[in-house]
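**Q** Predicted model and sequence below, questions to follow.
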Amino acid sequence: MKKIIYKSIFISVISFGFYNCSTTVIPLEEEPEPVIEKITYNDNVKSIIDANCISCHISGGQASHYPLINYSQVKNSAESGNLISRMNDITRPMPQSGILPAQTRAIIDKWKTDGFLEN
């Protein structure tokens, strides 16, 4: 009789665990708001690069071999795919401190879509 009770308890606990696992919603990163304005390097992208990338991607910095100091350098890196792919890389994000918010990455993506405008 004890075996039946223990089996019933065991099955109940396992069932409860599966139910919780299957109904628990793990929030994913929120979908960014659509960027509808025209995105330019000077108005939108430069401040993102300066705040998140320039400390390493400047002369004497840890990643000075990939400088991101001016429009041409950032544009070339974005056009080659390195900048955007690393910003979106979950396993090896740039900046190394962690992947940028979805809305910030959406601005960079829109800059690409808009044709890498400078002004």
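**A** Great, that's in hand.
**Q** Grab the most central residue of the protein for me.
**A** Central residue of the chain (CA atoms, centre = their mean): residue 99, 3.9 Å from the mean position.
**Q** Where does pLDDT dip in the protein?
**A** Confidence mapping of the chain against pLDDT under 70 gives the ranges 1-30.
**Q** Going by residue numbers, what spans are helices in it?
**A** Shown for the chain, the helices assigned by DSSP state H span residues 2-23, 46-52, 71-80, 82-87, 102-113.
**Q** Show me what the shortest one is packed up against.
**A** The elements that helix 82-87 packs onto, with contact taken as 3 or more CB pairs under 8 Å, 6 or more residues apart in numbering; DSSP states H and E, are helix 71-80, helix 102-113. From N, CA and C alone the C-beta is placed, and that goes for glycine too.
**Q** switch to 10 Å and redo it
**A** With contacts taken as 3 or more CB pairs under 10 Å, 6 or more residues apart in numbering; DSSP states H and E, helix 82-87 sits against helix 46-52, helix 71-80, helix 102-113.
**Q** Quote the end-to-end distance of stretch 105-119.
**A** Using CA to CA, to the nearest Å, the end-to-end distance of stretch 105-119 comes to 19 Å.
**Q** any idea how far it is from the chain center?
**A** In terms of CA atoms, centre = their mean, to the nearest Å, the centre of stretch 105-119 is set 16 Å apart from its chain centre.
**Q** Run through who's touching it.
**A** The set of residues external to stretch 105-119 that reach it, using CB atoms under 10 Å, 6 or more residues apart in numbering, is 29, 31-49, 71-72, 74-76, 78-79, 81, 83-84, 87-88, 99-102.
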